[in-house]
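Engineer: can't give you the sequence, but here's the structure:
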């Protein structure tokens, strides 16, 4: 096993509680041990457990009755019944009520180790299935962050460097630059990769439902809440929560997110119990959050909490040398999806792709190549396979175009920055000092 589990031990015998706790903690698991029904429910309401050992007899109370109560609080909980009164009937009844395994007392460390390993493998499989179900219908090419662009290389290198930390990350960049793809990559590079990543698109969920989606709700909290909902935060315990377009988070919800980012504490809608969760936050935005703060649309304290590590993804138009590479890779991918084999692009088609401004960035490029893979009859993609708006040419101003000098300067600075390994190198190429370059970047919002 390569990660710790949150474990609840419920047994009225102090020696059993101590023995199990010591063994599990030696194996690096996080353990809370209690002696009775009420304390078990209280702990389950505050902490998201993945495994519980439950004694069949808890004084005058029946441990079997605790099984459905624990599962109501945490549906993915795996429960192992332990008992000195083992029988076929009690084992069958425990499984019927939702237990995962059944161990008679006295047990050995080897039995506990085997049972915990089975639970770990089961949870890992469930999380992989959940990830696959979330991706079902989303056909996308394999992640590859190779780039000739200095700015893109710096962004990916920084993301890799901070992935192993617990720091909150803010991904910034225009729509379609690959922020969601990079968030998934950061999760996969991190020690949390064996746990789930949950993606919440803030603009896609109404303000009324977003709080419930994030934090969960209690049964009866509002009309239609017919059962408890643990929420996305609880569902990705030990993993990563990605908040896409966090600038769209309603002002009323921002203090609650701030509290969770600071203290990892929250309450479900319609519930007063304070819960804790071990979840890493990655947020993304395509807007100027500093401006949103000044306009009162985004809390300043939340902005600073989210902006611990900032990773800026450059737009596709600022890394034109990457376009042919991306286009070829996407064509091969969509060719396989559509059972086609392509020899590549004609020269004039590649030139058109490179000269286009790509306001929708990599997402738009992906859509264009997917379209070409479907409608193109020859084995080499030509101009006739590209959409008309793309053939209209590049909207980026060029030397001699009837535009203000500032527009030319802005595009030139963007291109130089995109292809430089450092700000000092970019300043040297432009023939200005770093302070002047900083002022130009601030002026043009680069």
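Structural biologist: Received it, and whenever you're ready, just let me know what you need. Remember, predicted model here, so these are calculated numbers, not experimental data. Numbers count the residues shown, from 1 in each chain.
Engineer: quick one: residue 170 from residue 298, how far?
Structural biologist: Distance of residue 170 to residue 298, computed by C-beta to C-beta, to the nearest Å: 12 Å. Heads up, the C-betas are built off the backbone N, CA and C, glycines and all.
Engineer: Mutual contacts of those two, please.
Structural biologist: Both residue 170 and residue 298 are in contact with residue 289, where contact means C-beta atoms under 8 Å, 6 or more residues apart in numbering.
Engineer: Pull the contacting residues for residue 9.
Structural biologist: 16-17, 20-21, 24, 31-34, 52-53.
Engineer: If we use 10 Å, what do you get?
Structural biologist: Neighbouring residues of residue 9 by C-beta atoms under 10 Å, 6 or more residues apart in numbering: 16-21, 24, 31-35, 40, 43, 51-55, 80, 82.
Engineer: Mind checking what secondary structure it has?
Structural biologist: Following DSSP: H, G, I helix; E, B strand; the rest coil, residue 9 is assigned to strand.
Engineer: picking that back up, can you flag which of the contacts of residue 9 belong to helices?
Structural biologist: If you go by DSSP state H, those have 16-21, 24, 40, 43 in helices.
Engineer: so can I have a markdown table of those residues showing pLDDT, distance to residue 267 and neighbour count?
Structural biologist: Putting the ones in helices among the contacts of residue 9 into a markdown table (pLDDT from 0 to 100; distance: C-beta to C-beta, whole Å; neighbours: other C-beta atoms under 10 Å) gives the following:
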| residue | pLDDT | distance to residue 267 | neighbour count |
| --- | --- | --- | --- |
| 16 | 91 | 33 | 21 |
| 17 | 92 | 29 | 19 |
| 18 | 93 | 32 | 13 |
| 19 | 91 | 35 | 17 |
| 20 | 92 | 30 | 20 |
| 21 | 93 | 28 | 17 |
| 24 | 92 | 29 | 22 |
| 40 | 92 | 20 | 27 |
| 43 | 90 | 16 | 19 |
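Engineer: Next, give me the two most distant ones among these.
Structural biologist: Farthest pair in these (C-beta to C-beta) is 19 and 43. Separation: 19.0 Å.
Engineer: State which helix of this protein is the longest.
Structural biologist: Max-length helix for the chain by DSSP H is helix 109-135.
Engineer: same for it, what does it pack against?
Structural biologist: For helix 109-135, the elements it packs on are helix 14-26, strand 51-55, strand 78-83, strand 101-104, strand 197-201, judged by 3 or more C-beta pairs under 10 Å, 6 or more residues apart in numbering; DSSP states H and E.
Engineer: Now do that helix: distance to the chain's middle.
Structural biologist: Its chain's C-alpha centre and that of helix 109-135 lie 20 Å apart, by C-alpha atoms, centre = their mean, to the nearest Å.
Engineer: and the angle from that helix to helix 14-26?
Structural biologist: Helix 109-135 runs at 60 degrees relative to helix 14-26, counting by axes from the mean of the first three to the mean of the last three C-alpha atoms, to 10 degrees.
Engineer: relative to strand 78-83, how tilted is helix 109-135?
Structural biologist: 160 degrees.
Engineer: What residues sit buried inside the following helix or strand past helix 109-135?
Structural biologist: Going down the chain from helix 109-135, the next helix or strand is helix 150-163, by DSSP states H and E. Neighbour counts over helix 150-163 (16 or more other C-beta atoms under 10 Å) mark 150-152, 154-156, 159, 162-163 as buried.
Engineer: what does stretch 315-328 give?
Structural biologist: Buried, per 16+ other C-beta under 10 Å, within stretch 315-328: 315-320, 322-323, 326-328.
Engineer: ok, now stretch 197-215?
Structural biologist: Within stretch 197-215, the residues that count as buried by 16+ other C-beta under 10 Å are 197-200, 202, 210-215.
Engineer: From the chain's centroid, how far away is it?
Structural biologist: How far stretch 197-215 lies from its chain's middle: 13 Å, per C-alpha atoms, centre = their mean.
Engineer: Average pLDDT for that stretch, rounded please.
Structural biologist: What stretch 197-215 shows for mean pLDDT is 88.
Engineer: quick one on the thing from earlier: could you dump the buried residues of stretch 315-328 to TSV with pLDDT and distance to residue 113?
Structural biologist: Output for those, formatted as TSV (pLDDT from 0 to 100; distance: C-beta to C-beta, whole Å):
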residue	pLDDT	distance to residue 113
315	93	52
316	93	51
317	90	56
318	90	54
319	91	51
320	91	56
322	93	49
323	94	53
326	93	48
327	94	52
328	93	50
